[in-house]
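Colleague: prediction below, plus the sequence it came from.
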Amino acid sequence: MTPRLGVAVKKLAVYSILITICLIVFIPLLITLFASFKTSMEIGSEFSLKPPASFDFDNYGVVLDKGKFLQGFGNSMFLVAVSVVINSLIGTMTAYAINRFDFRLKKIILGLFVAGMIMPGMITEISRFTVIKNLGLYNTIWAPILIYAAANLVQLYIYTQFINGIPKELDESAMLDGCSYFTVFNKMIFPLLLPATATLGIIKAVDVMNDMYVPYLYMPSSSLRTLTTTLMYFSSSKFGSWDYLSAAIILVMLPTLLIYLLFSKYIFKGIVAGAVKG
Amino acid sequence: MRTISMQRNILLFSFLFLPVLLLLMFVLYPLFELIRLSFTDWNGMDAKQVYIGFDNYIKMFTDSSDVWLSLRNNGFYFIFHFLMIPLELAIAVVLDSKIRASKFFKTIVFMPYIINGVAISYMFAFFYSPINGGLNGILEVLGLESLIQNWLTNESIVNLSLVFVSIWRFSGFHVILFLAGLQAIPQDQFEAAKIDGASSTQNFWYIIVPGVKKVLEVLLFLNVVGALQVFDIPYIMTQGGPGHASSTFTLYTLETAFKFNNFGMASAMGITMLVLIIVLNSVQKRLFNLKGVDEE
């Protein structure tokens, strides 16, 4: 084989692998997307990868009308907004305190953070459940908010790395100019950490929006359903046939997909920083 | 000076109070409480909790074969995800090389990880469905009718069907992690190797594998934790059925607590899972170091 032919064969192999992967990713998605525009009859009689005859949104209309998905979307958005704000405040403040100061108990507190990071939440679910119940927060929107605030301290690691990149001399010269620690944090550290906050906020938003476990377990009330749990209840309702359910599945997928396509750069950065450098 | 140190203490207190309180309430206290509860027969509602020693632990492994069955199913997820690792690394290497549209492929490969897991589970329930399901339809068109199955109700393949969903969802994430590891390898290592006339196989074993060792470690850890915690895919697609054929340890634990109101037993199962994670992870780490992946 001439070298040139070898390169060509190699290229062919590479692209066929990549295209196979794309097919594996897209086929189930396409089938669901197509089904969301078909009637029950068409789903039963047509090949699943045959595009729908027309793109009418009847199924979506029924889903939005009967499924309370807008309410679910509202609840999810509320959880996302509050969690992202709380997380960015707690994350930056903790990173500042831990990175810039030495104090008694620092080691113990750090150990606590690491324990919280390593231990999967599901393990302590049973006892965490009783904590929430005893606080009187069961079946309120504050249960997931507190749990999300306590969870995922990976974020702290990322913040600490970013704050490490801010020279300490900056703090010191600001202090010499008469700034208090609080001013240093408000006027300097917090703004300089905004790129990290953007990355982490987007990741947190995706996490919260996709979470099923916490809202399902802690907020059974129908008015508190998130986008995810709304889908779960919808599937077991009398509208849970594949035509409507497909439309509901696509609706629930859309928000995070949209975030992903808009902000994929940030998402890659944050995921990678959290897992590799953490 | 005094005001500065006072300021400092106020800052530390006010900045750390909330996060530490949250950790104590939702991580540390639950852990101790879980250990305590695992020695009781608490049903989750009554005030009455009787200490029964190790009864829960003994019962868990002797009374019920479903626990073992569930654990075995977790094993499926562990093994298949483990076997995927070399392929994932290979895909990352391909994406890292200079190919056209690598950004497009990267976006596609990672996409499933971002999509809502519950929506994915329903999507695949539809895909596998015996009535009008996509997979059987495709097999029919391809002339492979003999392969048509009840993917989710046949006891001997239901776990494989579910594992595939898990792989569909998480493999892209692993690829992206490997890709990050690859991109962190200094380019001059490859240049030096080129000058020395290294083959691409040598490149792979002596530069790439050591270069992604850190990622590999993280991945192996995530695989243990992830495989033991599989929950939403089987819960939504099969409810652990038929029977307990596709149940997993977490699913079984939550059923024990919230369906059968046996919080004591469920706590013992939680502790068992924690121990399993610690043991499996350290065994795995040792095995890999023996194999000399960390030649540096």
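Modeller: Happy to help now that I have it.
Colleague: just checking, next helix/strand downstream of the helix or strand of chain B with the lowest mean pLDDT?
Modeller: Within chain B, confidence by mean pLDDT, DSSP states H and E is lowest for helix B:200-203 among all helices and strands, at a mean of 82. The helix or strand immediately downstream of helix B:200-203 is helix B:209-211, counting by DSSP states H and E.
Colleague: pull the distance from whichever helix or strand comes after that next one to the chain's centre.
Modeller: As assigned by DSSP H and E, the chain's next helix or strand after helix B:209-211 is helix B:213-228. How far helix B:213-228 lies from its chain's middle: 8 Å, per CA atoms, centre = their mean, to the nearest Å.
Colleague: what of stretch B:95-107?
Modeller: Counting by CA atoms, centre = their mean, stretch B:95-107 is centred 26 Å from the centre of its parent chain.
Colleague: for stretch A:76-89, same thing?
Modeller: Worked out by CA atoms, centre = their mean, stretch A:76-89 lies 11 Å from the chain centre.
Colleague: can you show me the CA trace of stretch B:210-217 as CSV?
Modeller: Provided in CSV are the C-alpha atoms of stretch B:210-217 (Å, rounded to 0.1, in the frame of the first residue of the first chain):
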residue,chain,number,x,y,z
PRO,B,210,0.5,8.3,30.9
GLY,B,211,-0.8,11.7,29.8
VAL,B,212,-4.4,10.8,30.5
LYS,B,213,-3.6,8.8,33.6
LYS,B,214,-5.2,11.4,35.8
VAL,B,215,-8.4,11.4,33.7
LEU,B,216,-8.4,7.6,33.8
GLU,B,217,-8.3,7.7,37.6
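Colleague: what does the stretch 151-296 of chain B put close to chain A?
Modeller: By CB under 8 Å from any CB of the partner chain, the residues of the stretch 151-296 of chain B that approach chain A are B:168, B:172-173, B:176-177, B:180-181, B:184, B:214-215, B:218, B:222, B:225, B:229, B:231-232, B:236, B:250, B:253-254, B:257-258, B:263, B:266-267, B:270-271, B:273-274, B:277. (Glycine included, C-beta is placed from N, CA and C.)
Colleague: ChimeraX command for the buried members of those residues?
Modeller: Selection of buried members from these for ChimeraX, criterion 16 or more other CB atoms under 10 Å in any protein chain shown:
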select /B:168,172,173,176,177,180,181,214,215,218,222,225,229,231,232,236,250,253,254,257,258,263,266,267,270,271,273,274,277
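Colleague: which stretches of chain A have low pLDDT?
Modeller: A:1-3, A:152-154, A:274-278 (pLDDT under 70).
Colleague: tell me how it divides into domains.
Modeller: According to automatic domain parsing, chain A is divided into the following domains: A:3-35, A:59-277.
Colleague: export the ones you listed as JSON lines, with columns for mean neighbour count.
Modeller: As requested, the domains of chain A are exported to JSON lines (neighbours: other CB atoms under 10 Å in any protein chain shown):
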{"stretch": "domain A:3-35", "mean neighbour count": "15"}
{"stretch": "domain A:59-277", "mean neighbour count": "19"}
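Colleague: let's have those domains in TSV, adding distance to B:Ser70.
Modeller: Shown next, in TSV, are these (distance: least, CB to CB, whole Å):
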stretch	distance to B:Ser70
domain A:3-35	26
domain A:59-277	14
